[in-house]
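A.B. asks: need a 3D model of the following:
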Amino acid sequence: MKKFTLLFIFLMSMHFSFAQQAEFGIRLGPSLTTFGGGDADGSEFRFGFHAGAYVGLELSDQLVFEPGIQFARKGAKNSEFGTTIGVRNDYLDFPLLLKLRTGETFYVFVGPQPSFLLSSALVLEEAGNKVTIDGSEIKDLWNGFDFAAVLGFGVNIQKGLGVQLSYEHGLTNISEGDNLFNRGFKLSFHKSF
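C.D. replies: Model prediction:
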């Protein structure tokens, strides 16, 4: 929490120091994530969510650098013989996006995203019964750091309000014992101030 507070203060100070060329915003929405990699056979998409803040720093009329911070729930699920086993990993994402505006309404973006694992849980479901197993033993099954490439596009609906769709392609193995990578889509609604 201390790191989050320091980063938030840093982002806010950047906002005020670049007051005429920067905008502060919040972003949230649903996610659809799964695992890729050699040991991801049978991995299915699971729903999650994300929420956070960003600062847009104008580099030119068309180009914006947009660092941010967001909480993101990721993972996957696998169903066999009537039992669903879900992995629920919570991350703190730091997207560092370069946004290219193609006009007043549309934009595309790309950039790296380092992420840090906050918590992990296994969710077992069978015949309407649900059991969640969490704790340090479950978290220790996963690497604490992830690094992904992010790309997407967005639409500014009206001044300060917009929606965007992004794809995250994990580049680092997230499992301590298997070959697994995060993959996912985020539908984000944002408000700039």
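A.B. asks: what about the most centrally placed residue in the chain, helix or strand, and which?
C.D. replies: Geometric centre of the chain, nearest residue: A72, 4.8 Å, by C-alpha atoms, centre = their mean. Following DSSP states H and E, the helix or strand that holds A72 is strand 63-80.
A.B. asks: show me what the next helix or strand after that strand is in contact with.
C.D. replies: Moving toward the C-terminus from strand 63-80, the next helix or strand (DSSP H and E) is strand 83-93. Here strand 83-93 makes contact (C-beta atoms under 8 Å, 6 or more residues apart in numbering) with 3-4, 35, 46, 48, 50, 52, 68-79, 113-126, 142, 146, 174. All C-beta atoms are positioned from the backbone trio N, CA, C, and that covers glycine.
A.B. asks: any of those buried? List them.
C.D. replies: 35, 46, 48, 50, 52, 68-70, 72-78, 113, 115, 117, 120-121, 123, 125, 142, 146, 174 (16 or more other C-beta atoms under 10 Å).
A.B. asks: got the angle between the biggest strand by length in the chain and strand 83-93?
C.D. replies: If each strand of the chain is counted by residues according to DSSP state E, the longest one is strand 106-126. Strand 106-126 and strand 83-93 are oriented at 140 degrees to each other (axes from the mean of the first three to the mean of the last three C-alpha atoms, to 10 degrees).
A.B. asks: that concludes my questions; thank you for your assistance.
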